[in-house]
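1. sequence and computational prediction follow.
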Amino acid sequence: MSARSNPLAAVATYNEIENLPRLVEEIFQYLPEAEVLVIDDNSPDGTGQWAAQRAAEDHRLHCIHRAGKLGLGTATIAGMKYAIAEGYPYVITMDADFSHHPRYLPALVGGMESAGPDGGPVDVMIGSRYVPGGGVEGWPLRRHLMSRGVNFYARLLLRLPARDCSGAFRCYRVDTLRRIDFDRVRSRGYSFQEEILWHLRRTGARFAETPILFVDRRAGSSKINLREALGALWIIFRLALSR
């Protein structure tokens with residue numbers, strides 16, 4: 001039995017002071033029962049300081065302060081381990097830049113107990129750009145092609161059943177995450193999204209998807225680049241070889 005009943009939204013941040021205060025308010029607006037965990041990688045723009053000050057005033061907000069920019073994968077694992085240690089039933093992962101809008105949170109959490117093909121529970125609900133009703137707004141053609149290519153590659157090599165394997169907007173059942181040996185996760189960057197699904201699939205986890213409109217960030221600068229994309233392809237290939 002979970003020690004807590006509220007879902008936890010884990011948000012990894014690096015230089016997101018322009019977005020984070022408004023994002024936290026909208027998470028609480030759309031999912032009032034949620035708590036929020038900020039995992040900040042020593043942002044020089046004061047994101048971590050803001051989070052610490054807000055956490056001191058609001059018991060629904062929690063912080064993990066890390067020494068430097070250690071990668072999205074390790075930040076997400078830190079959030080998952082926190083959710084496991086504290087006994088939350090679900091942990092939601094989402095970007096801090098409003099590309100994952102909080103209005104979709106009720107569908108993500110609500111689908112955990114009813115979105116399976118038999119109308120039953122699932123272990124991961126994915127906010128999906130690539131199911132009917134989903135989409136992307138604000139990307140150049142090159143980014144569209146890169147995302148579609150990585151998703152096709154991951155589904156083919158890793159035999160993942162989801163249409164959107166690379167998106168970070170997800171809700172995980174914490175009890176299912178307990179089955180994962182995080183020490184075996186190789187990814188430090190964006191390939192974490194495919195790799196964690198691969199590990200979960202190997203435990204028998206069930207996935208479902210709900211449509212979202214992904215909107216390119218409102219403020220700040222994107223952290224993804226060609227090097228990250230190529231690194232993701234290499235890690236997916238290595239996972240496929242070890243399957």
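-> Yep, it's here.

2. low-scoring stretches of the chain, by residue?
-> Low-confidence segments of the chain, defined by pLDDT under 70: 1-3, 217-230, 243.

3. show me where it has strands.
-> 8-13, 35-40, 61-65, 90-94, 124-128, 135-137, 170-173, 207-211, 213-215 (DSSP state E).

4. show me what the first one is packed up against.
-> Right, strand 8-13. helix 20-30, strand 35-40, helix 47-57, helix 72-86, strand 90-94 (3 or more Cβ pairs under 8 Å, 6 or more residues apart in numbering; DSSP states H and E). Quick note: C-beta positions are derived from backbone N, CA and C, even for glycine.

5. quick one: contacts of whichever helix in the chain runs longest?
-> The residue-count maximum for a helix in the chain (DSSP state H) belongs to helix 141-158. With contact meaning Cβ atoms under 8 Å, 6 or more residues apart in numbering, helix 141-158 is reached by 129-130, 136, 139, 160-166, 194, 197-198, 201, 229, 232-233, 236-237, 239-240, 243.

6. may I see the buried residues of it?
-> For helix 141-158, burial by neighbour count (16 or more other Cβ atoms under 10 Å) applies to 146-147, 150-151, 153-155, 157-158.

7. ok, now how distant is the residue sitting furthest away from the middle of the chain from Gln193?
-> In the chain, the residue that sits farthest from the middle, by Cα atoms, centre = their mean, is Glu57; the gap is 25.8 Å. Remark: distance between Glu57 and Gln193 (Cβ to Cβ, to the nearest Å) = 33 Å.

8. nearest spatial neighbour of Pro21, skipping sequence neighbours?
-> Trp50 (6.4 Å; Cβ to Cβ, 6 or more residues apart in numbering).

9. what residues are up against Thr74?
-> Arg188.

10. quickly note the distance from it to Gly231.
-> 14 Å.

11. then Asn42?
-> Asn42 is 22 Å from Gly231, by Cβ to Cβ.

12. next one: Val174
-> Distance from Val174 to Gly231, by Cβ to Cβ: 28 Å.

13. please apply the same query to Gly167.
-> 18 Å.

14. looking at those two, which one has more neighbours?
-> Gly167 (26 against 16; other Cβ atoms under 10 Å).

15. cool, thanks, talk later.
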